[in-house]
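J.: let's see this in three dimensions:
(one chain, ligands or ions: 1)
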Amino acid sequence: MKSSVRKMFDEIANRYDFLNHTLSCFQDILWRRSCCRELKRQTPGKRLLDLCGGTGDFAVTYEKFNGKPDIAVLGDFSFGMLKGAVGKKMTAVPVQLDAMKMPFGDASFDVVLNGFGMRNLSDAEGGLRESARVLADGGYLQVLEFFSPRGTFNKFFYKRLAPLFIPVLGAFFSKREAYEYLVNSVLRFLPVADFVALAEKNGFELVHVKPCFFGVAFRVLLRRRT
Ligand SMILES: C[S@@+](CC[C@H](N)C(=O)[O-])C[C@H]1O[C@@H](n2cnc3c(N)ncnc32)[C@H](O)[C@@H]1O
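T.: Prediction:
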């Protein structure tokens, strides 16, 4: 489980929540809420995995909107990030794990959340396959992510604006390289349409794709094919 990405998240963990909210102008909170409300409408079963869950904000929001799951796991490979979840209002049990090879049996969960984690995996297709494996038939994968920009506004935002201010704020409050990595990882990642196609090839059907703030991020809700 040794990786430079894991080390980077360990290093920025103590300022992660603060910068997440600041850089997104608190929009990340609203986006997680929208994801969790949408899941409530789908009435999923009661076993939850917040994968690449970091400091646990997605799991906390999920429980607020959907009640206490029967089983709830907060899974991440960064111990520092998991430590950031201590004291938050949730029942999810932190487990240090690699999203590419999880220590769970097939069909162990009804809902897998993945907030801003897919882009960080060494192989998105492998990550999707592994998420499909641990989901029960008909279970949901809710992805919230920054995808490679396609529209004019988003290309301008990620290629011109974001490199000007995100690394600077990162340097001031946390670690410059981590926030340079953030911008570059978005540009290197798949566009949302390609990600959906990959998910469909790896055991999922699309429920919906919804843009957040003019497509700066997307909420992608997928259902494990039966
Ligand atoms: C940008 S943070 C997102 C945290 C949280 N989900 C949120 O909504 O703010 C991405 C997280 O993915 C985790 N991560 C990246 N690759 C991983 C892997 N292979 N296995 C487990 N966690 C991973 C990182 O440690 C980090 O905590």
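J.: does residue 202 touch residue 129 like I think?
T.: Yes: assessed by CB atoms under 8 Å, residue 202 is found in contact with residue 129 at 4.9 Å. Glycine gets a C-beta too; all of them are placed from N, C-alpha and C.
J.: ok, is the helix ranked longest in the chain in contact with the ligand or not?
T.: When the chain is parsed with DSSP state H, its longest helix is helix 4-23. Yes: using CB under 6 Å from any ligand atom, helix 4-23 reaches the ligand at 5, 6, 9, 20.
J.: what residues does this structure have near the ligand?
T.: Within the chain, the residues that sit near the ligand (CB under 6 Å from any ligand atom) are 5-6, 9, 20, 52-54, 57-58, 76-78, 81, 98-100, 115-117, 120-121.
J.: the same query, at a cut-off of 5 Å, please.
T.: Proximity of the chain to the ligand, by CB under 5 Å from any ligand atom, involves residues 9, 52-54, 58, 76-78, 81, 98-99, 115-117, 120.
J.: in strands, which of those fall?
T.: Using DSSP state E to define strands, the subset of those located there is 76, 115.
J.: pick out the most distant pair among the residues of the chain next to the ligand.
T.: 58 and 98 (18.3 Å; CB to CB).
J.: neighbour count: these two, which is higher?
T.: residue 58 (29 against 17; other CB atoms under 10 Å).
J.: you'd agree that one is up against residue 112?
T.: No: using CB under 8 Å as the test, residue 58 is too far from residue 112 to be in contact (10.4 Å).
J.: so residue 221 sits in a strand?
T.: Yes: going by DSSP: H, G, I helix; E, B strand; the rest coil, the assignment for residue 221 places it inside a strand.
J.: once you drop chain neighbours, what's closest to it?
T.: Leaving aside its chain neighbours, residue 221 sits nearest to residue 207 (4.1 Å; criterion: CB to CB, 6 or more residues apart in numbering).
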